[in-house]
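**Q** coords please:
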Amino acid sequence: MSEFKSYIGVKLIKAKPATFGEAQAVLKRPATEKDPAQDTPGYLVQYTDGYTSWSPKDIFDESHFDYDDYYAALDKVEELHYSIDD
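**A** Here you go, the predicted structure:
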């Protein structure tokens with residue numbers, strides 16, 4: 001089996017701030033014991049195919065940039081490029 005290769009994913013999404021509890025009300029998914037606290041900050045995320053999910057704020061902020069801040073996204077891609085050890 002070959003070695004893993006590094007990739008950078010790019011996709012356009014729509015998102016709005018929502019706590020986990022707010023997202024659960026929209027998504028209508030049953031709660032589980034592994035779920036975060038209802039007041040955990042995050043984002044309700046909608047993908048181009050219509051799929052909607054919730055992402056914790058820290059994870060979302062690490063990998064998503066405001067569409068209007070294009071250059072910040074380019075800076076992050078460049079930073080990632082130089083940090084890859086392939």
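**Q** the residue most central in space within the chain: which element?
**A** For the chain, Phe60 is the residue whose C-alpha lies nearest the centre (CA atoms, centre = their mean; 3.7 Å). Per DSSP states H and E, Phe60 falls inside helix 57-63.
**Q** and that helix, how far out from the chain middle?
**A** 6 Å (CA atoms, centre = their mean, to the nearest Å).
**Q** return the set of buried residues in that helix.
**A** Residues Phe60 are the ones in helix 57-63 that count as buried (16 or more other CB atoms under 10 Å). The way it works is simple: take the backbone N, C-alpha and C, and place the C-beta from them, glycine included.
**Q** all helices for the chain, in order.
**A** Along the chain, counting by DSSP state H, helices occupy 20-27, 57-63, 70-83.
**Q** using a markdown table, lay out these together with mean pLDDT and distance to Tyr47.
**A** Output for the helices of the chain, formatted as a markdown table (pLDDT from 0 to 100; distance: least, CB to CB, whole Å):
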| stretch | mean pLDDT | distance to Tyr47 |
| --- | --- | --- |
| helix 20-27 | 96 | 13 |
| helix 57-63 | 93 | 13 |
| helix 70-83 | 80 | 17 |
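**Q** neighbours around the residue lying closest to Ala18 once chain neighbours are set aside, how many?
**A** Computed as CB to CB, 6 or more residues apart in numbering, the closest residue to Ala18 that is not its neighbour in sequence is Leu44, at 4.1 Å. Neighbourhood size, Leu44 [other CB atoms under 10 Å]: 19.
**Q** Leu44 touches Lys16, doesn't it?
**A** Yes - using CB atoms under 8 Å, Leu44 is in contact with Lys16, at 5.5 Å.
**Q** how about stretch 46-54: buried residues?
**A** Within stretch 46-54, the residues that count as buried by 16+ other CB under 10 Å are Trp54.
**Q** now do it: everything it contacts.
**A** 11-15, 18, 20, 23-24, 26-27, 42-45 (CB atoms under 8 Å, 6 or more residues apart in numbering).
**Q** closest to Val77 out of these?
**A** Closest to Val77 out of the contacts of stretch 46-54 is Lys11 (13.2 Å), distances taken as CB to CB.
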